[in-house]
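Participant: Need the 3D shape of this:
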Amino acid sequence: MLTNSNIFITGPNGGIGLETVKILTQKKVNKIALACRTIEKAEWTKKQLQQHSNHVKLETYGGFDMGNEPSIQTAVSKIPQGEAFDIVFLQAGGMVVANDFQFISSNGTSIEKTIYQNVMGAYLTLKYLEQRGLIAPNARIVFPGGEGARGIKGMIKKPEFQSLEELKTYIFKGSGEYKDLDALGYAKFMSGLLVQQLAELDKERTYVWFSPGLTSGTNGLRDVPNPKKFIFENIGFPLMNLFGIAQSPKKAAQKYVDCLDGKYGKSGDLLGAPEGKTLGKIVDQKPMNSHLTNYHFRQAFWEIITEACGNIMQKSYP
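Facilitator: Predicted structure coming up:
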């Protein structure tokens, strides 16, 4: 699938994203659009990649701030129409480090910030690409998953809701004590609901939610203050790598490339590490948290995201 393909990737300038595009430049792809928060980061990324490959066309774009809809819309408007993307990898996102819940307003609605940056931002990017006819009819679209969506014992609380009202309350107002890792797990949960909905509504394309397993050395810790960040980077993750609990960005990136190439995942799949583990054989995540396949939760989140961000299925090609 990678051969002669046009690939669009957000957040390619660090961690897994950078390692992924390094591998992609060694494949027989046609072009890679490097969509970063700033054009400076995109140009820096291009320079890092040019020493790996000379045959792949690299395009650079800035403005892909996953917490800022106008910035995303403007960024997409600068991409020339013509060759549509065969593969879209919505890799940007990350953890929100804070003492309490943070929110981003969208169309008059306040959305919990981690959900917005990891789910709404990706959705908006996809929507504006679609509106400009920049996604191929049979494209493969990959959202980054995370084992936090089904919970990791001793690390991330399993995302569960007893009612639709409880789900909506979490999205609009937050609930309980804010913990950054738990919030990321809830965001990945919402992303899983969205991918299943998109797969059901759009039968022509393939939508996959994929996690390569826990990875050290990513950009996810960029906002974590010291000494917590220092401990994670210099003690925690090295020990996790040593004991096989985590992996390097390079190893994770190879799994992502395999997913982009179609070796992992059919449309609507949610894939990641085995239950009770942060790393291992890629398996279906749905049986590990029954709420991931709750139809009413999926419909409720779809209503929220379309009201806040517009309906991606209403196509218009200017």
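Participant: after the longest helix anywhere in the chain comes which helix or strand?
Facilitator: Counting by DSSP state H, the longest helix found in the chain is helix 180-201. Moving toward the C-terminus from helix 180-201, the next helix or strand (DSSP states H and E) is strand 206-210.
Participant: Give me the residues contacting that next one.
Facilitator: Defining contact as Cβ atoms under 8 Å, 6 or more residues apart in numbering, one finds that strand 206-210 is touched by 138-145, 191-192, 195, 198-199, 255-256, 259, 262, 264-272, 282, 285. Yep, even glycine has a C-beta here, placed from its N, CA and C like the rest.
Participant: Check which residues of the longest helix of the chain are buried.
Facilitator: Residues 180, 182-199 are the ones in helix 180-201 that count as buried (16 or more other Cβ atoms under 10 Å).
Participant: got it, and stretch 152-169?
Facilitator: Neighbour count says stretch 152-169 has 152, 156-159, 161, 167-168 buried, by 16+ other Cβ under 10 Å.
Participant: Show me those that map onto helices.
Facilitator: In helices, judged by DSSP H, the following of the buried residues of stretch 152-169 are found: 167-168.
Participant: which stretches of the chain form helices?
Facilitator: Listed in chain order, the helices found in the chain under DSSP H are 15-24, 39-50, 69-77, 113-115, 121-131, 164-173, 180-201, 228-231, 237-242, 249-260, 295-309.
Participant: who does the fifth one touch, helix- and strand-wise?
Facilitator: Applying 3 or more Cβ pairs under 8 Å, 6 or more residues apart in numbering; DSSP states H and E, one finds that helix 121-131 contacts strand 6-10, helix 69-77, strand 85-89, strand 135-144, helix 295-309.
Participant: Make a markdown table from the ones you listed and add mean pLDDT to it.
Facilitator: What follows is those, written out as a markdown table (pLDDT from 0 to 100):
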| stretch | mean pLDDT |
| --- | --- |
| strand 6-10 | 98 |
| helix 69-77 | 98 |
| strand 85-89 | 98 |
| strand 135-144 | 98 |
| helix 295-309 | 98 |
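Participant: rewinding a little: mind putting the helices of the chain in TSV, distance to residue 104 included?
Facilitator: Listed next are these as TSV, based on distance: least, Cβ to Cβ, whole Å:
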stretch	distance to residue 104
helix 15-24	22
helix 39-50	21
helix 69-77	9
helix 113-115	5
helix 121-131	9
helix 164-173	11
helix 180-201	12
helix 228-231	24
helix 237-242	29
helix 249-260	27
helix 295-309	9
